[in-house]
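Peer 1: Okay, predicted coordinates and the sequence, questions at the end:
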Amino acid sequence: MLNLKPSIGRNIFCMTKWDKKTFIRKTKSDCLSHVSMITMDLIKFAEDKADQVVWGSGDQYGTMTFKCKSIDYGFLPLFYITTNGRIKFSLNLLRSKVNQLEIIRDFQLKLESGFLMDFDSSDYPSDIYHQLEDMFTMRSEVNKFINTIQSLSARLHQ
C-alpha cells in the first residue's frame with residue numbers, strides 16, 4: 001500500500017500522499033464493515049459537496065479532509081476522517097478563525113443534538129478524533145451530520 005519513491009534531487013525516500021483508492025482499500029481492510037460504509041458515505045459526500053478534498057500523507061493511517069472555501073476566511077477544514085475509523089470535527093479550529101459566532105454556535109448546537117455530547121469550549125477545549133462506530137450507529141445519524149455540514153458550508157459561503 002505504501003508507495004515509496006525517491007525525492008527529486010535527493011537520496012531520501014518519501015511516501016506519496018494518500019488518495020481515494022488507497023484510502024478506501026486501507027479502510028476496508030482495517031475497519032468493521034459498518035465503519036467502512038460510513039466512511040464511503042462521507043467520502044462520496046465530500047467529493048460531491050466539498051470545495052476541496054485533501055488526502056493526508058501520514059505513515060500510520062490516512063486522512064481525508066473536507067474543506068469549505070469561505071469568502072472571508074479562505075479554505076476551512078470542517079471535518080477529518082481516517083482510515084482507522086475515526087472522525088474529527090473542526091469546531092475549535094473554526095472558533096479560532098471565524099468571527100461570526102452565530103455560525104459557530106449553530107454548528108456546535110447541531111453537533112450536540114446529533115451526537116448527544118457537550119461541545120462547549122470549556123468541556124471540549126481541543127478538537128479530538130472520535131470513533132466512527134461510537135458516533136454513528138444509524139444511517140439517519142450520517143444523514144443528519146451531512147445536513148449539518150451542508151448547512152455550515154452554505155453559511156460560510158455567504
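Peer 2: Yes, it's here.

Peer 1: so where do the helices sit in this structure?
Peer 2: Taking DSSP state H as the criterion, the chain carries its helices at 20-30, 33-49, 91-97, 101-115, 132-135, 139-157.

Peer 1: Show me the one of these that comes nearest L78.
Peer 2: Comparing the helices of the chain by their distance to L78 (C-beta to C-beta), the top pick is helix 139-157, with 5.6 Å. Every C-beta, even on glycine, is put in place using the N, C-alpha and C of the backbone.

Peer 1: Show me how far the closest one is from its chain's centre.
Peer 2: Between the centre of helix 139-157 and the centre of its chain there are 12 Å (C-alpha atoms, centre = their mean, to the nearest Å).

Peer 1: Nearest residue to the middle of the protein?
Peer 2: The centre of the chain sits closest to Y80, judged by C-alpha atoms, centre = their mean, with a distance of 1.9 Å.

Peer 1: The closest residue to it other than its chain neighbours bridge partners, please.
Peer 2: Excluding its sequence neighbours, the residue lying closest to Y80 (C-beta to C-beta, 6 or more residues apart in numbering) is K88, at 4.4 Å. With DSSP bridges applied, the residues forming beta bridges to K88 are Y80, Y129.

Peer 1: Hmm, L132 and K88 touching each other?
Peer 2: No: no contact is recorded between K88 and L132 when judged using C-beta atoms under 8 Å, the distance being 10.7 Å.

Peer 1: Neighbour count: these two, which is higher?
Peer 2: Residue environment comparison for K88 versus L132 gives the larger neighbour count to L132, 25 against 18, counting by other C-beta atoms under 10 Å.

Peer 1: any idea how far V98 is from that one?
Peer 2: Between L132 and V98 the computed distance is 25 Å (C-beta to C-beta, to the nearest Å).

Peer 1: ditto for K44
Peer 2: Using C-beta to C-beta, which is the criterion applied here, K44 is 26 Å from V98.

Peer 1: out of those two, which sits in the more crowded spot?
Peer 2: When K44 and V98 are compared on other C-beta under 10 Å, the one with more neighbours turns out to be V98, at 19 against 11.

Peer 1: Can you read off the backbone torsions of that one?
Peer 2: Dihedral angles of V98 (phi, psi; degrees, to the nearest 10) stand at phi -100, psi 120.
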